[in-house]
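>>> sequence and predicted structure, then a few things I'm wondering about:
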Amino acid sequence: MNKDIIVKRLPQACPSCNSRLNVKKLVCPSCDTEVEGLYSMPLLAGLNEQEQDFVLSFIKNSGSLKEMANIMNRSYPSVRNYLDELIAKISQLENSKNNG
Amino acid sequence: MDNTSPNFSNRNWRLNPSEYIAGGTALGIGFLAMIIAAVGGHFVNINFDGVVDLHAGKDAPMWFQISEPVISWLIFSTLLYITGKIFSTSSFRIIDVFGTQAFARIAMIPAVPLSYFATLPLKNSDLLKRLSNPSHDLALSSNDISSLVMVGLLSIPALLFIIWSIMWMYKAYSTSCNTLLNKNLK
């Protein structure tokens, strides 16, 4: 197996009970200093990779849905609907975070 | 940038072209399609005098036959826009509603020659004349029945294109007004 093609993805949910994961340990890649504690993940980490890419691309294109439609080769309303789905998902994540 | 593409599985252009084309482009192409279908219909006496269907037999001036689909499209799209404003929680553009509804009428173009061929068996019989004049004998001969059966069978392809067009209209409405909001998340 070629190790070069392995892409590590940040796990979002517990493989055992499917609850949202928190961060327990942070490590400095240059001096190996470790910080241990309990930190909640940022809200955007709750989105999958594809959704995060969309958000980044959307911001980089100054929030232009027209530009996003050109990049994604989709119609304007179709991209608008996808954004609506993301907004709804972020609201759900916010609610679940606020409710503990 | 491929990763930014949302999951559009099972949504190809044949089922829902409004996922790929909307706005002014769809409006231009769709309007042209309406004119082509109406002009084609003029030469074979096919009229688009209904909102989502067509009828054979009426001989009318070309301006009249062109204005029929345009008026029905304008009225239908306006109603959809109003219901979208009432029922959708999303913000949407009027050009997308009118554009995608016009584009959905492309599927009506093949229905014109298919409908014309479907009515040919009736043109060769005097059944229509007898039906329109009650004083004539209305008893159906075996030729009449076979003509009607042929019309029924030959109408199926045209009917499929009309159904296809209606499906595009529904998909265009749900996409342009986002009436399916949040359903994909559940």
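Arrived safely.
>>> so what's B:I95 scoring on pLDDT?
pLDDT, B:I95: 97.
>>> cool, and B:D144?
Reported pLDDT for B:D144: 76.
>>> next, count neighbours for B:L154.
B:L154: 18 surrounding residues under other C-beta atoms under 10 Å in any protein chain shown. Quick note: C-beta positions are derived from backbone N, CA and C, even for glycine.
>>> so who does the closest residue to it other than its chain neighbours touch?
Leaving aside its sequence neighbours, B:L154 sits nearest to B:A118 (C-beta to C-beta, 6 or more residues apart in numbering or on different chains; 3.8 Å). By C-beta atoms under 8 Å, 6 or more residues apart in numbering or on different chains, B:A118 lies in contact with B:A56, B:V151, B:L154, B:S155, B:P157, B:A158.
>>> at 6 Å instead, please
Going by C-beta atoms under 6 Å, 6 or more residues apart in numbering or on different chains, B:A118 touches B:V151, B:L154, B:S155, B:A158.
>>> so which strand or helix has it?
helix B:111-123 (DSSP states H and E).
>>> output that helix as CSV, restricted to C-alpha atoms.
Output of helix B:111-123 as CSV, limited to C-alpha atoms (Å, rounded to 0.1, in the frame of the first residue of the first chain):
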residue,chain,number,x,y,z
ALA,B,111,-44.9,16.5,-29.3
VAL,B,112,-46.0,18.6,-32.3
PRO,B,113,-45.0,16.2,-35.2
LEU,B,114,-45.9,13.2,-33.0
SER,B,115,-49.4,14.7,-32.4
TYR,B,116,-49.8,15.4,-36.1
PHE,B,117,-49.0,11.8,-37.0
ALA,B,118,-51.3,10.6,-34.3
THR,B,119,-54.2,12.4,-35.8
LEU,B,120,-53.6,11.3,-39.4
PRO,B,121,-56.0,8.2,-39.2
LEU,B,122,-58.8,10.6,-38.2
LYS,B,123,-58.0,12.9,-41.2
